[in-house]
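Student: fold the following, please.
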Amino acid sequence: MSDNLILILASTPEDSRSASSFKLPIAHMAYKIGSDLTLLKRSVGMSQKGGFMLLSDDGYSGSGGSYDALCREIARENKLREYTGLICDFEGDIRPELGKFIEEFDARNQNTPLLIRERYSAASKRAHILVASAVTGGSYKLMLSDWIERNGKSPALEITPLFHDYRLPVGESPTVELGQDGLAALFEKYDPLTFFSSELSANYFTYKDFDGDIHFVLFDDARSIAAKLRIAAAMNCRYAVALFPEIRELLPDLLNVPLL
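Tutor: Residues are numbered from 1 along each chain as shown. The predicted structure is shown next:
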């Protein structure tokens, strides 16, 4: 790995012990904002310290509350758990209250790494904006450089491994999301010859199914994810985040690949 880019594993409390064995920072998926702007949390083992708080808006309905109280609750939890950063994983409906909370937290914690989704990018000038790593067409490098030029902000790569099966011609049939198990089943059944696309920073192969239809499969492995991280690091991307269950099987190989 690279000292210039930090890979963060997003993990539930149930998986945190296993995720911690890889010696990477953990984003603890145990927190969400209550409807009255209170901090709701699941039990996190006292041995699990350090890393990032991952804050969700799941179930938030926006019914008042105190930004000051929420920021103080987060500060107390960060001190107790020795968290060094905050990821605001707000994927629900866009709500002005959540944007205001980001503004308030940002103003109080200028030295704390802050990662947010693009929909709330206006709430912080310094936050790192989560940008998906999955590119299925064009150039991954160009996508990332264009995003940086267009937004003028620092991206944080959101690693989502690709496991897509397209029946050709593309567009006439729905894309099948294989997952790692589905990909392994195709390898066992067809034993395909694989190739690496430097444009997409992804692997691919084709196969003919038993009905005679041609398929194009686009997928990630440790090498392709390392290639994406390498490009991001060269563009001064400081953080990358991956959901631990999605990347668990790839981590042993990924951690042995130098990025720079």
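Student: tell me how far stretch 136-150 lies from the chain's centre.
Tutor: Relative to its parent chain, stretch 136-150 has a centroid offset of 17 Å by C-alpha atoms, centre = their mean, to the nearest Å.
Student: buried stuff in it?
Tutor: Ser139, Tyr140, Lys141, Met143, Leu144, Ile148 (16 or more other C-beta atoms under 10 Å). All C-beta spots, glycine's among them, are computed from the backbone N, C-alpha and C.
Student: what's the answer for stretch 121-141, then?
Tutor: Judged by neighbour count using 16+ other C-beta under 10 Å, the buried positions of stretch 121-141 are 121, 123-124, 127-131, 133-135, 139-141.
Student: mean confidence for that stretch?
Tutor: For stretch 121-141, mean pLDDT rounds to 92.
Student: export only the CA atoms of that stretch, formatted as PDB.
Tutor: Extracted C-alpha coordinates of stretch 121-141, given in PDB (Å, rounded to 0.1, in the frame of the first residue of the first chain):
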ATOM      1  CA  SER A 121     -20.500  19.000  -1.000                       C
ATOM      2  CA  ALA A 122     -21.700  22.600  -0.700                       C
ATOM      3  CA  ALA A 123     -21.700  22.200   3.100                       C
ATOM      4  CA  SER A 124     -17.900  22.000   3.400                       C
ATOM      5  CA  LYS A 125     -15.100  23.500   1.400                       C
ATOM      6  CA  ARG A 126     -12.500  21.200   2.900                       C
ATOM      7  CA  ALA A 127     -14.300  17.900   3.100                       C
ATOM      8  CA  HIS A 128     -13.200  14.900   1.000                       C
ATOM      9  CA  ILE A 129     -16.000  13.900  -1.400                       C
ATOM     10  CA  LEU A 130     -16.900  10.300  -1.900                       C
ATOM     11  CA  VAL A 131     -16.500   9.300  -5.500                       C
ATOM     12  CA  ALA A 132     -17.400   5.800  -6.800                       C
ATOM     13  CA  SER A 133     -14.600   3.700  -8.100                       C
ATOM     14  CA  ALA A 134     -16.900   1.700 -10.400                       C
ATOM     15  CA  VAL A 135     -16.500   2.800 -14.100                       C
ATOM     16  CA  THR A 136     -18.100   0.700 -16.800                       C
ATOM     17  CA  GLY A 137     -17.300   2.800 -19.800                       C
ATOM     18  CA  GLY A 138     -14.700   5.400 -20.900                       C
ATOM     19  CA  SER A 139     -11.600   6.000 -18.900                       C
ATOM     20  CA  TYR A 140     -11.300   5.700 -15.100                       C
ATOM     21  CA  LYS A 141      -8.400   8.100 -15.000                       C
END
